[in-house]
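Colleague: Mind looking at a prediction? Sequence and model below.
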Amino acid sequence: MKVVIVGGVAGGATAAARLRRLDEAAEIVVFERSGYVSYANCGLPYYIGGTITDREELTLQTPESFWQRFRVDVRVRHEVTAIHPAEKTVTVKDLTTGAVFDESYDKLLLSPGARPTQPALPGAGLGRLFTLRTVEDTLKIREFIEQHHPKSAVLAGGGFIAIELAENLRDLGLEVTLVQRPKQLLNPLDADMAAFLHAQMRRHGVRLHLGRTVEGFAADGERVNVLIRDEAPLTADMVVLAIGVTPDTGLARDAGLALGVKGSILVNDRMETSVPDIYAVGDAVQVRHFVTGQDTLLSLAGPANKQGRIAADNICGGDSRYPGSQGSSVIKVFDMTAASTGVNEKTAKAAGIDCDKLVLSPMSHAGYYPGGRVMTMKVVFEKNTYRLLGAQIVGYEGVDKRIDVLSTAIHAGLTVLQLKDLDLAYAPPYSSAKDPVNMAGFMAEDLAKGLVKQFFTEDVAALPRDGSVTLLDTRTPGEYVGGHAEGFVNIPVDELRDRLDEIPAGKPVYVMCQSGLRSYVACRILAQRGFACYNFSGGYRLYAAVTEDRAAAEEALPCGMEK
C-alpha cells in the first residue's frame with residue numbers, strides 16, 4: 001500500500017507516524033510546501049519574543065529524523081498542485097528546482113491546514129506587513145526585528161496568535177497596538193469574561209482599538225500607516241495581519257471533493273472525504289461540534305492530531321471514529337491565563353439552546369496557604385436539563401487543570417449538578433477541600449432547589465432606582481467606598497441580622513458583594529425571613545471589570561463616533 005500525505009504539520013505528521021506503527025510495509029510519502037515539517041505552530045510567537053531561543057526547538061521532526069525513525073519519505077518545499085482521483089495521482093512541483101511530476105497513490109490524506117486570512121485591501125503587499133503561520137514567517141519577522149529594531153507594531157486581529165504575539169513584542173520593548181473589527185478579544189470568551197483579558201492587556205501597555213475596521217495600508221517613509229474607517233490612521237514600524245485563518249482547500253475543490261462550512265473539506269467521522277480513498281484532517285476540514293451538534297470549523301492542534309491518528313487507523317483497515325470537537329483552549333496572557341471549553345453563552349443562544357449560567361470567583365488554592373489568587377469561572381448549562389454546555393476561566397495558577405476537568409465532564413455527558421460529586425485531589429498548595437469545580441456544582445444545586453435566584457451584569461442598569469426594590473451591597477464599608485454600583489446601599493453581611501429593620505418589607509431585594517459568596521449568605525438570611533431575594537452572579541469584581549472595560553473602550557473612540 002502506498003499512502004501520499006499532503007501537508008506535514010500536525011495532522012499530516014501524526015498520520016505518517018501512526019501509519020508506520022500500524023503497517024511496516026506501507027510506502028509513505030509526505031509532501032510539505034514549506035521548508036519545515038512537524039513544527040510547533042503554537043510556539044512561533046515565543047521564538048519571536050525570545051522565550052524559545054533555539055530555532056531547532058520549533059521543529060519536532062526533520063525529514064532526516066522522520067526517515068531514520070519511521071522510514072517515511074518526507075519532501076519539504078514540494079507543493080501538490082493538483083489531485084487526479086480517477087488516475088489516483090497527484091501533481092507535485094519541486095519549489096527548489098521547479099521540476100513538476102506526478103506521484104501515484106493507493107490512499108491519499110489531505111492535511112493542508114489553513115492559511116492566514118488576507119483580505120484584498122489596498123497596500124496589502126507592503127514590505128513591512130507580515131503574517132505568522134509558518135516557521136519561515138517566524139524567521140522573517142525575527143530577522144526584521146533584529147535588523148531594523150522597530151519601536152512600534154500594529155497587530156490586526158484579536159485571536160490567539162495576535163494576543164501571544166502582542167505579549168512577546170511587548171517583552172522586546174515595542175509599543176504594540178491591537179486593532180480589530182469585533183469589540184472583544186478572543187472569541188471563545190463571552191464579553192464579560194473578555195473584560196478581564198482587556199484589562200490585563202492594557203495594564204501591560206498594549207493599546208486596544210476594538211470595534212475598528214482596517215481599510216488598507218500605506219507606506220509612510222520607513223513606516224506603515226494602517227488605514228482605519230472613520231478615524232486617523234495608526235502609524236507603526238511594522239504590521240502583522242492576524243485576523244484569522246481560512247481553510248486551504250483549493251486542491252480539494254478543484255478535484256471535485258464535497259465542501260462544507262466556509263469552503264472546508266466535508267468529511268465523515270472516519271475522516272473520509274466524498275471521494276473514495278481520499279481522507280482529510282486538520283484545520284481544513286469541517287467538524288461536528290460536540291456540544292451543539294452543528295457543523296463548524298475549529299483550528300486547534302489537539303483535534304488535528306487526533307484526526308490524523310484516526311485517519312491512519314482507517315487507512316490501515318481499522319474503524320476509528322472522531323466524536324466531534326469541543327474547542328478546548330488555553331492561552332497565556334502575560335502572567336494571566338484564560339481558558340475555555342465547550343460553548344460560551346453567546347454561542348449557546350445562537351444555536352437555539354435555552355441556557356443559564358453561573359459565575360464564581362474562587363481562590364486557586366486554600367486561602368490560608370500563601371500565594372493563592374482569585375480566578376473567575378463562568379459555567380454555562382442548559383435550563384431544565386442542567387446539561388453542561390461550556391466553561392470559561394480567567395485567572396492565574398490552576399486555571400488549566402480546572403478547564404480540563406470541566407472539558408472531561410462535558411465529554412462524559414455530566415450535568416452541572418454532578419460537578420459537586422467529583423472526587424478531586426486536594427492539598428493546601430493546590431486546591432481547597434471544596435474545589436472550584438465542586439463549588440460550581442454546589443451553586444447549581446442551590447439554583448435547582450430554588451434556594452437562590454440570580455441576576456447578572458446586563459440586568460443592573462435596568463433595575464429601578466425609585467425605591468420599588470431594595471439594592472443591597474453586603475461588603476465591608478471600606479470595600480463599598482472603594483467602588484460600588486449606583487443605587488446600592490451598604491449593609492455588611494455580618495451586620496445584616498441586626499439591621500433587618502432597614503430593609504423595607506414586601507419589596508424584592510437585589511444583593512451584591514465582591515465575589516457572590518457573602519451576597520448568597522445574605523440572600524439565605526433574607527429569604528428565610530420572607531424577602532424575595534436575588535443574588536448577583538460574579539460579584540462586584542465582575543461588574544467593575546465589565547463597566548471599566550466599557551469606559552476604557554468609550555474613551556478610546558475618536559471624535560464623532562457613536563458611543
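Modeller: That came in fine, so what should we check first?
Colleague: Spatially nearest residue to Ser432, not counting backbone neighbours?
Modeller: If the residues on either side of it in the chain are set aside, Ser432 comes closest to Ala366, at 5.0 Å by Cβ to Cβ, 6 or more residues apart in numbering. Where C-beta positions appear, they are placed from N, C-alpha and C, glycine not excepted.
Colleague: name the element Met377 belongs to?
Modeller: Per DSSP states H and E, Met377 falls inside strand 376-382.
Colleague: in its sheet, what does that strand sit against?
Modeller: Partners of strand 376-382 in the sheet, by DSSP bridges, are strand 355-360 (antiparallel), strand 388-395 (antiparallel).
Colleague: what's the spacing between it and its chain's center?
Modeller: Averaging C-alpha positions (Cα atoms, centre = their mean, to the nearest Å) puts strand 376-382 16 Å from its chain's average.
Colleague: How about stretch 61-68?
Modeller: Distance of stretch 61-68 from the chain centroid (Cα atoms, centre = their mean) equals 32 Å.
Colleague: Stretch 178-194 now?
Modeller: Offset of stretch 178-194 from its chain centre (Cα atoms, centre = their mean): 10 Å.
Colleague: Pretty sure the residue nearest to Ser432 sits in a helix.
Modeller: No: counting by DSSP: H, G, I helix; E, B strand; the rest coil, Ala366 is located in no helix; its state is coil.
Colleague: if I pick it, what's in contact with it?
Modeller: Gly372, Pro428, Pro429, Ser431, Ser432, Ala433 (Cβ atoms under 8 Å, 6 or more residues apart in numbering).
Colleague: Surely Gly11 and Gly308 touch.
Modeller: Yes: between Gly11 and Gly308 a contact is recorded at 3.7 Å, counting by Cβ atoms under 8 Å.
Colleague: Neighbour count for these two, which is higher?
Modeller: Between Gly11 and Gly308, Gly11 has the larger neighbour count (other Cβ atoms under 10 Å), namely 34 against 28.
Colleague: For the more buried one, give its distance to Ile265.
Modeller: Noted for Gly11: a distance of 12 Å to Ile265, by Cβ to Cβ, to the nearest Å.
Colleague: same thing with Gly413?
Modeller: From Gly413 across to Ile265, the span is 29 Å (Cβ to Cβ).
Colleague: Neighbour count: the two, which is higher?
Modeller: Ranked by neighbour count (other Cβ under 10 Å), Gly413 and Ile265 place Ile265 first, with 27 against 9.
Colleague: Surely the more buried one and Thr273 touch.
Modeller: Yes: judged on Cβ under 8 Å, Ile265 makes contact with Thr273 at a distance of 6.0 Å.
Colleague: Now for these two: what residues contact both?
Modeller: In terms of Cβ under 8 Å, 6+ apart, Ile265 and Thr273 are both contacted by the residues Leu110, Ala252, Leu257, Ala258, Ala280.
Colleague: Name all residues that make contact with the residue lying closest to the second one once chain neighbours are set aside.
Modeller: What sits nearest to Ala252 in space, not counting adjacent residues and going by Cβ to Cβ, 6+ apart, is Ile265, at 4.8 Å. If you count contacts by Cβ under 8 Å, 6+ apart, Ile265 has them with Leu110, Pro247, Thr249, Ala252, Leu257, Ala258, Leu259, Thr273, Ala280, Ala284, Val285, Gln286.
Colleague: run the last query once more with 10 Å
Modeller: 110, 112, 247-249, 251-253, 257-259, 271, 273-274, 278-282, 284-286 (Cβ atoms under 10 Å, 6 or more residues apart in numbering).
Colleague: Of those, which qualify as buried by neighbour count?
Modeller: For those, a neighbour count by 16 or more other Cβ atoms under 10 Å gives the buried set as 110, 112, 247-249, 251-252, 257, 259, 271, 273-274, 278-282, 284-286.
Colleague: any idea which helix or strand of this protein has the worst average confidence?
Modeller: When the helices and strands of the chain are scored by mean pLDDT, DSSP states H and E, strand 114-116 comes last with a mean of 82.
Colleague: and the helix or strand following it, what other elements does it pack with?
Modeller: Going down the chain from strand 114-116, the next helix or strand is strand 129-131, by DSSP H and E. Strand 129-131 sits against strand 114-116, helix 135-148, strand 152-156, strand 238-241, with contacts defined as 3 or more Cβ pairs under 10 Å, 6 or more residues apart in numbering; DSSP states H and E.
Colleague: Can you check the pLDDT for Ala556?
Modeller: At Ala556, the predicted lDDT confidence score is 63.
Colleague: Likewise for Leu58?
Modeller: Value listed for Leu58 in the pLDDT field: 79.
Colleague: isn't it right next to Thr51, touching?
Modeller: No: counting by Cβ atoms under 10 Å, Leu58 stays clear of Thr51, with 11.7 Å between them.
Colleague: secondary structure element for Gln514?
Modeller: Going by DSSP H and E, Gln514 is not in any helix or strand.
Colleague: Could you pull up the residues touching it?
Modeller: Applying Cβ under 10 Å, 6+ apart, we find Gln514 in contact with 361, 374, 473-476, 479-480, 539-544.
Colleague: mind running it again at 8 Å?
Modeller: By Cβ under 8 Å, 6+ apart, the neighbours of Gln514 are Ser361, Arg475, Glu479, Gly539, Tyr540, Arg541.
Colleague: Run through this structure and note the low-pLDDT ranges.
Modeller: Scanning the chain for pLDDT under 70 picks out 556-563.
Colleague: Pull up the gap between Leu186 and Val330, please.
Modeller: Leu186 is 11 Å from Val330, where distance means Cβ to Cβ.
Colleague: Go through the longest helix seen in the chain and flag the buried ones.
Modeller: Scanning the chain for the helix with the most residues, using DSSP state H, yields helix 539-555. Neighbour-count burial for helix 539-555 flags Gly539, Tyr540, Arg541, Leu542, Tyr543, Ala544, Ala545, Val546, Thr547, Asp549, Ala553 (criterion: 16+ other Cβ under 10 Å).
Colleague: ok, those vs Glu215, which is closest?
Modeller: Checking the buried residues of helix 539-555 against Glu215 with Cβ to Cβ, the nearest one is Ala553 at 20.2 Å.
Colleague: In which helix or strand does the closest residue to Cys513 other than its chain neighbours reside?
Modeller: Nearest non-adjacent residue to Cys513, counting by Cβ to Cβ, 6+ apart: Ser519, 3.9 Å away. Per DSSP H and E, Ser519 falls inside helix 517-527.
Colleague: what does the helix or strand following that helix rub up against?
Modeller: Counting by DSSP H and E, the next helix or strand C-terminal to helix 517-527 is strand 533-536. Outside strand 533-536, the residues within contact range by Cβ under 8 Å, 6+ apart are 452-456, 460, 508-513, 516, 519-520, 522-523, 526-527, 543.
Colleague: Noted, bye for now.
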